[in-house]
Each structure stands twice: as C-alpha cells, then as structure tokens.
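Enquirer: take a look and give me a structure for this.
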Amino acid sequence: MELCDHQVYYLNRITECALNSSIYLPTLLMVGPPGSGKRTICYQASRKMGIDFVDVSLKQPKEVIADQLFGSAAAAERAQESGVPPGILGQSSPVVVYLSDFQNVDLSLVDSLYRTIKSRAYLDRLGTQWKLNEDLWLIGALTIPSPNSTIAYEHKICGAFQQTVLLAPPSSSADLLSICRSLSADHPSPREVATDVGEFLANYSGTPENLHAVRRWLSLALDLADVRAPITTEIVRRAIESDLQWVFSRLVYRGRALTLDRFQRWISQFPTPHSPLAMHLVRQIADAYYVSNEAYFDALNDLIQGSGVPPNSRVVFCKWQHTGASAPAVAHDLKNQANWKVLGEIDLDQPSSSWPTFAGPEPAWFVLADDFVGSGGTLATFFANKSDGLSALLEKYRLAKVRILTVVGFESGLRLAQRAIPASHRSRVQILAARLFQNEDTCFHPTSKILVHKEQREQFKNCCLELAKVHFETMKPEMRLGYDNLGAIIVFFNTVPNNSLPILWYTTGHWFPLFPASGLLAE
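Expert: Model (predicted):
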C-alpha cells in the first residue's frame, strides 16, 4: 500500500531517526488517535529499511505477551545451554518489534518493559539478563485518547523511549483520495477512484475512527461497485449507508427497526461538521448502550435472582414515582416474571395512615422498581425525607427489608442514592442495578469512552446546546444535555430515559427525534 503525503512525512521522520543513529536503532514511541496510521507507517519503514516486522499486541493476556517477548520457561532453559537469547527480543537478525496497543499493557509487565526500553536489556523466566541486538528496532504504539487505558502519555514508561513521534490522522481531501486509490490498487479487482471522493470523505474526517472507517467504507464500496465501474462519491455514500444497516437492524424501537430514511432525516438537522459525531453516537448506542427487549427481560431475571427475595415470598410493591410511566411498567413486569406472592401495592407518596392493611403475617419484603438511575438525584431526594416515604415504611414494618431494583444504573448515582438512606435503615435497604455504567459512559465527562477526544467532546457539547436553544425553546437548561445534564445515550427497546441526550428523543416542536419520547417510529 502506498502512503499519502501526510503519512510519507512521518515515514521520513522515523526512518531518518533510525538511519542517523550510529550505535543502534533507537527505541521509538508512536503516539496518535485511533486510525492515524501508526502501524502502516512503521510497517512501511521496515520495508524501506529491508528488515522484518513483528507485531506484538499488548492487549493480549500478560502470560502470552511475556512468552512472546521474553521467551517461555522452556526457552529460557534451552538458552542456558545454547547461549541464544529467548523470545522475540532475542532475535539476532534485524527486526522491527512493534508493540501495538501500548495503552492497554498489563501493569504487571510495566517494570519488565521499562527495563527493556530504557536499557535495551531484559530478563528471561530464569532471571538471566540478555541484551537486545543492535539492529532490533523497538517501537511502541500508543493510541490516545483511549477508553479503559492503563497507560497514559504522561506515564514514566513513555518517557523511557529515546524518540517520540506525535501523529495526526490524514484529513485533507488530497490525502484521503491518495489513501483510497492505494486501497483500491491493492484490491483483487482494482478500480479507478473519482477525484471528488477525497473531498467527500473529508466531510467525515471528524469521526473518532479516522482511517479505520475510511478503509471499511472503501472496502464496502469496492464490493458494491461493478468490477468495471469507477468508485464514485455516490458509491461511497451507499457504502457508508450499508455500513450502518447492521446498526439499524439492531435498534428496534417500539417494535420497528430504525430505517435509513429516518436516520438521514434526523442527521440532516445537525450542522455538517458535527454529522460524523452524530453518526458515531448511533454506532455507540448499538454497540454498548441499547437495551433490547431480550436484554431487558434477562435483566429482570438477574434482578430477581440478585434481590435475595426467596420464591413464594410475600412481597409488596411500592409506588414512588408519579412523573413517568417507566417505574410502574417495570414493576408490572417484575410481578409477572418473579415467583413471588404479590400482596398488593402501597403508595409511598401518601401518608402511612392511608396505606392498606395486609391479611396474615406482616410482609417481609417491599420492592421499588425503575428502569434507570442516572444522577441518582431523584432517588436521593426521595430517600432524604426522614418522616415520610421510605423512612415511614421501615418504621411501620420493622422486620421487613426493602429492595430497589433498577434495570440500568450509573454507579455514581446509585452511591448518591445509597448515602441518602438514613443510616439507621441502611442495613435493611439494598439498591441493585442489573447493568452498571460509570461516569465515562456519558458523552461529556473528561474520561468519556463515547467521545474520547477533548476537542470533539467540547465541540459536540456546544452543538447540542445550540440545537437545544433553537429547537427546545421551552426546555429547562438542566435538561438540554439530558436530565441533570448527564449526557447519557442509553436507549431501551421501548423508551429513552430523560438523562439521555434530548437530540435522541425530544418530540415537542419541530425537532425530528431518532427515538421519540412518545409515538411510534412513524416517518
């Protein structure tokens, strides 16, 4: 594969770095976002220098990585007799050892890798030290920003490399056209690529996948196009739509799958620079934040099992939310699915004097249900009242236990709610979520897994706020990024929590939502 001018610039930088070294090939750290071409550039550098290329992924289990790099115990024993260093790092012929996924390295390997990078030496499984061959070129590839990373750019191990190259992904129309033509040339049925394809793809350069998406789209375009036809912008557009079809088929909302027409109508409401990120959100929902019908009932089963309420127990359900339909719906489904003897309901918003009496022994279990806990503010406010509601229930039924069962919950919100329960009652109250999310599972948190790049995060946040001002005129400011400005993108098969971004569900006015808060997926 030929490189574009942007990539050639980096290729020349790193090969000059190697060729100008008079003693040995210097260790090198490549740093860049996903899809910036780190591996491609280093592979081409190895070809240019005429040496082998070995890719070792550091996201593998630590035992596998240690065996590959430093050699197994058996290899270490053989090395005692032969004097030949074990593992890939013991190779005597010129080679590039490319440590991909450096940001995900197991922390237990950090000391061993640091020694190798800093002093060009390593210990085998028997503790024998070996030196790296002078022509072994050790290159680390750090993807930043990256969710769930164990190593940040500021970590000391990154400073152990002798050279660091910071990469930006190709984004100009000329570079993207060059990459597409190179990919097409390498295809079994190569085709011409129209000159305006690069300009067309430059409009999508804001996607967090960068070149990963471009390669996937061009591969689909080559499959879609006639073997004698050139690759045009229309074919690439069809490829992008085809790439999204699997997403749409998974997102069934109120009995109807998301359609391309609906998606296009929704995304057309965004300013052009933000369309790639809006498209990215839909993929993220399908990958990690959609609760299907099947997943919902599996979650109810997990809650029933995890509640500790034995089968055939006498259970009373509690009404506690009157602002939405989700809590009663979940309670209804739990009653049908659990093998409990449901005695009835009490309304915790009403005085305890109005609660019904129950025949026979006092109930041992009380259940509050909901589909989603976001910031935890609603639950915390409800629990904080020390004279009514939950407190009154626990005072009236002193032997009973309370279970608060929610399908999805943010851990920070659940902790806030738990702390709001009066200390005297906490041993009797348990909050359970079948599916747990963290702060990074929101769009605008500094450690967001959804929008990992700070600049993209800030730009899209401003976009959402501007859209809210124009289209959601009556919405309170604390709702413009979801209730309490949580910025979630949780979508259920039949509803969307109001903590999720309103651009997904808002139905009032002239905004066209992807998952309407009310109604079906009608066009």
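
Enquirer: so what's F515 up against?
Expert: 253, 491, 496, 504-505, 521 (Cβ atoms under 8 Å, 6 or more residues apart in numbering). C-beta here means a position set from N, CA and C on the backbone, and glycine is covered the same way.

Enquirer: roughly how far apart are D223 and P363?
Expert: Distance of D223 to P363, given as Cβ to Cβ, to the nearest Å: 62 Å.

Enquirer: who has more neighbours, those two?
Expert: Counted by other Cβ atoms under 10 Å, D223 and P363 do not tie: P363 has more neighbours, with 20 against 12.

Enquirer: what about that one, which SS state?
Expert: For P363, the assignment made with DSSP: H, G, I helix; E, B strand; the rest coil gives coil.

Enquirer: now do the phi/psi pair for it.
Expert: phi -60, psi 140 (degrees, to the nearest 10).

Enquirer: quick check: it touching R314?
Expert: Yes - shown here, P363 and R314 form a contact pair, counting by Cβ atoms under 8 Å, at 4.9 Å.

Enquirer: okay, and the common contacts of these two?
Expert: Common contacts of P363 and R314, defined by Cβ under 8 Å, 6+ apart, comprise L343.

Enquirer: name the SS class of L138, please.
Expert: What three-state DSSP gives for L138 is strand.

Enquirer: averaging pLDDT per element, find the lowest-scoring helix or strand in the chain.
Expert: Within the chain, no helix or strand scores below helix 377-384, which has a mean of 81 by mean pLDDT, DSSP states H and E.

Enquirer: which helices and strands does that one pack with?
Expert: Contacts defined by 3 or more Cβ pairs under 8 Å, 6 or more residues apart in numbering; DSSP states H and E place helix 377-384 against helix 389-396, helix 411-420.

Enquirer: worst mean pLDDT among those helices?
Expert: The minimum mean pLDDT among these belongs to helix 389-396 (a mean of 85).

Enquirer: quick one: that one to chain centroid distance?
Expert: A distance of 40 Å separates the centroid of the chain from that of helix 389-396, by Cα atoms, centre = their mean, to the nearest Å.

Enquirer: mind listing what's buried in that helix?
Expert: Across helix 389-396, burial judged by 16 or more other Cβ atoms under 10 Å covers 389-394.

Enquirer: ok, stretch 36-45 next?
Expert: Neighbour-count burial for stretch 36-45 [16+ other Cβ under 10 Å]: 36-38, 40-45.

Enquirer: take the helices and strands packed on helix 377-384 and lay them out in a markdown table including distance to L277.
Expert: Below are the helices and strands packed on helix 377-384 laid out as a markdown table (distance: least, Cβ to Cβ, whole Å):
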| stretch | distance to L277 |
| --- | --- |
| helix 389-396 | 41 |
| helix 411-420 | 24 |
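
Enquirer: out of these, which comes closest to L166?
Expert: Distance to L166, taken as Cβ to Cβ, is lowest for helix 411-420 among the helices and strands packed on helix 377-384, at 33.1 Å.

Enquirer: that closest one: what's the following helix or strand?
Expert: strand 429-437 (DSSP states H and E).

Enquirer: could you pull out the buried residues of that next one?
Expert: Using 16+ other Cβ under 10 Å as the test for burial, strand 429-437 gives 429-435, 437.

Enquirer: wait, a strand at Y98?
Expert: Yes - under three-state DSSP, Y98 falls within a strand.

Enquirer: okay, which residue is most central for this structure?
Expert: Nearest residue to the geometric centre of the chain (Cα atoms, centre = their mean): K449, 4.5 Å.

Enquirer: just the strands in the stretch 1-150 of the chain please.
Expert: Using DSSP state E, counting those that start in this stretch, the strands of the stretch 1-150 of the chain run over residues 28-32, 52-57, 95-100, 121-123, 129-131, 136-143.

Enquirer: winner for burial among those strands?
Expert: Most buried of the strands of the stretch 1-150 of the chain, by mean neighbour count (mean count of other Cβ atoms under 10 Å): strand 136-143, with a mean of 25.

Enquirer: name the helices or strands packed onto it?
Expert: When contacts are defined as 3+ Cβ pairs under 8 Å, 6+ apart, strand 136-143 sits against strand 28-32, helix 38-49, strand 95-100, helix 110-119.
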